[in-house]
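Chemist: Got a predicted structure plus its sequence, pasted below:
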Amino acid sequence: MIRRPPRSTLFPYTTLFRSSTISGLLAGLAGFILFIVSMVLGIAALQILSLAIRVIVLRSSGIIEAIGEGVQLVKLNFGKNTAAFFILLAFGFAFAIMIGIMWLILNFPIDTMIQAMHLTSLPAMMAALFIGLPITFVVGGYFGVFATTFMTLFYIELVEPKPESAYFPQPPQIDTDQ
């Protein structure tokens with residue numbers, strides 16, 4: 001007598017994922033959705049933290065109050081906060097590219113001379129560190145000042161927006177009655 005294998009209680013659910021194409025597509029879609037959700041939450045958290053720091057410094061508020069105000073500012077102005085995040089991200093990439101170009105411009109001649117003298121690569125690495133690290137610190141410092149100033153002005157703009165006439169001043173009126 002031939003015994004039949006036991007029937008699974010999960011039978012209706014197991015046939016859905018038997019195709020590797022469907023399961024691959026579903027896994028890819030789930031991964032993409034999780035990626036987008038994590039990006040949105042990450043941007044919101046970074047903006048809340050950045051705005052909360054400005055509340056603490058500019059208004060001398062407590063930490064809990066500052067985080068609460070940061071959450072409100074991000075909720076009410078999510079589009080502007082996202083734009084500010086991507087502006088800073090773009091400038092960060094620009095500064096990183098600038099640092100890389102400066103490393104190449106300043107270190108390439110030194111590295112070439114050291115290799116022409118048939119020395120080991122240790123002097124080239126030391127020259128790169130002694131020339132490249134100060135450049136990185138200076139340019140990175142400029143970016144830090146830029147990012148801090150940008151976010152502080154962004155916070156002030158969110159809290160105390162200027163009237164529309166401040167952006168587009170009216171031309172002076174000429175008195176034609178004379």
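Modeler: Good, I have the coordinates.
Chemist: Kindly format the C-alpha coordinates of stretch 139-158 as PDB.
Modeler: Output in PDB follows, covering the C-alpha atoms of stretch 139-158 (Å, rounded to 0.1, in the frame of the first residue of the first chain):
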ATOM      1  CA  VAL A 139      36.600  72.900   2.400                       C
ATOM      2  CA  GLY A 140      34.500  70.800   4.800                       C
ATOM      3  CA  GLY A 141      34.500  73.700   7.200                       C
ATOM      4  CA  TYR A 142      33.200  76.000   4.500                       C
ATOM      5  CA  PHE A 143      30.400  73.500   3.700                       C
ATOM      6  CA  GLY A 144      29.600  73.200   7.400                       C
ATOM      7  CA  VAL A 145      29.300  77.000   7.700                       C
ATOM      8  CA  PHE A 146      27.200  77.100   4.500                       C
ATOM      9  CA  ALA A 147      24.900  74.300   5.700                       C
ATOM     10  CA  THR A 148      24.400  75.900   9.100                       C
ATOM     11  CA  THR A 149      23.700  79.300   7.700                       C
ATOM     12  CA  PHE A 150      21.300  77.900   5.000                       C
ATOM     13  CA  MET A 151      19.300  75.900   7.600                       C
ATOM     14  CA  THR A 152      19.200  78.900  10.000                       C
ATOM     15  CA  LEU A 153      17.900  81.200   7.300                       C
ATOM     16  CA  PHE A 154      15.500  78.500   6.200                       C
ATOM     17  CA  TYR A 155      14.100  78.200   9.800                       C
ATOM     18  CA  ILE A 156      13.700  82.000  10.000                       C
ATOM     19  CA  GLU A 157      11.900  82.000   6.700                       C
ATOM     20  CA  LEU A 158       9.500  79.200   7.900                       C
END
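Chemist: how close does Gly141 sit to Met117?
Modeler: Applying C-beta to C-beta, to the nearest Å, the value for Gly141 to Met117 is 34 Å. Heads up, the C-betas are built off the backbone N, CA and C, glycines and all.
Chemist: ok, which stretches of this protein are helices?
Modeler: 11-14, 20-59, 63-76, 78-116, 121-159, 164-167 (DSSP state H).
Chemist: right, so those helices: which one is the most enclosed?
Modeler: helix 63-76 (a mean of 16; mean count of other C-beta atoms under 10 Å).
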